[in-house]
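Visitor: predicted model follows, preceded by the sequence.
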Amino acid sequence: MASHSMPNGRGYGETKSPTAALARQSSIRKSSAGDLGSSTLPSLGTAGRLVDYEALIRHFDCPVCHDWVTPPIVQCRKGHIVCGPCKSKGLKACPVCKQRFSDVTNWMMEQVSLVIAFPCKFQGNGCRIYSELIHKTAHEALCSFRPVSCQYGIRGCTQILLYHLMEKHVLECRFKPPNLHSQLSSSSHGSSNN
Ligand SMILES: [Zn+2]
Ligand SMILES: [Zn+2]
Ligand SMILES: [Zn+2]
Ligand SMILES: [Zn+2]
């Protein structure tokens, strides 16, 4: 799904906080209300913001897999986009208008996708992090809201929980080897009992 090749080495070295885009947006909103000084950006639109983020990001919804469309971004002859991997799975025509696909990718959408922050794919589980594409995969690999299997699965535990809940579960998992528990507690007490 998210295995698209990432463009790199084109000067995206700056490390922005994952929520940079949203922070920028909300600071713009604030500065239009009061005078927080430093921003010289104009406030536009009825909502007093430069970008309607929710509307913008909706344009990156792949009509096939409903993941975010990220480079390579394939387009039909009318300009509807799907993600490269979806088209490679044998898609013959645009799912929206049934026209054939163009031979060239949508350069403009690819460029825009590189400068906006996308929600974590575990947003539905409660994650509030937004990351630019170059950071997104790394975040999701470690996201506290990703589902993980219990580490005692090989001993029979079938629990699958969000990572931040699993931390607690493994401590009280009934498949946890009892000797492991006594080893841990004896070492944590630092006592030598024989
Ligand atoms: Zn897709
Ligand atoms: Zn189309
Ligand atoms: Zn996340
Ligand atoms: Zn378990």
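Guide: Everything's here; your move. Residues are numbered from 1 along each chain as shown. Ligands and ions are numbered 1, 2, ... in the order given.

Visitor: is stretch 62-69 positioned near ligand 1?
Guide: Yes - residues of stretch 62-69 contacting ligand 1 under CB under 5 Å from the ion: 62, 64-65. Just so you know, the C-beta spots here come from the backbone N, C-alpha and C atoms, and that holds for glycine as well.

Visitor: OK, contacts around P119?
Guide: By CB atoms under 8 Å, 6 or more residues apart in numbering, the contact set of P119 is 57, 127, 129-130.

Visitor: ok, of those residues, which one's closest to ligand 3?
Guide: For the contacts of P119, the minimum distance to ligand 3 (CB to the ion) is 3.1 Å, reached by C127.

Visitor: which pLDDT value belongs to the residue nearest to the spatial centre of the chain?
Guide: Geometric centre of the chain, nearest residue: C120, 2.6 Å, by CA atoms, centre = their mean. pLDDT for C120: 95.

Visitor: quick check: it touching S131?
Guide: Yes - between C120 and S131 there is a contact under CB atoms under 8 Å: 6.9 Å.

Visitor: need the overlap of contacts for those two.
Guide: With CB under 8 Å, 6+ apart as the test, C120 and S131 both reach H139.

Visitor: of the residues of stretch 62-69 next to ligand 1, buried ones?
Guide: Listed as buried from these are 62, 64; burial here means 16 or more other CB atoms under 10 Å.

Visitor: and the pLDDT for T46?
Guide: On pLDDT, T46 comes in at 73.

Visitor: number of nearby residues for it?
Guide: T46: 6 surrounding residues under other CB atoms under 10 Å.

Visitor: which residues sit in contact with it?
Guide: So T46 contacts nothing (CB under 8 Å, 6+ apart).

Visitor: show me the domain layout of the chain.
Guide: According to automatic domain parsing, the chain comprises the domains 20-142, 147-189.

Visitor: report whether the shortest one contacts ligand 4.
Guide: Yes - Domain 147-189 lies in contact with ligand 4 when judged by CB under 5 Å from the ion; the contacting residues are 150, 152, 157, 159, 173.

Visitor: buried ones among these?
Guide: 150, 152, 157, 159, 173.
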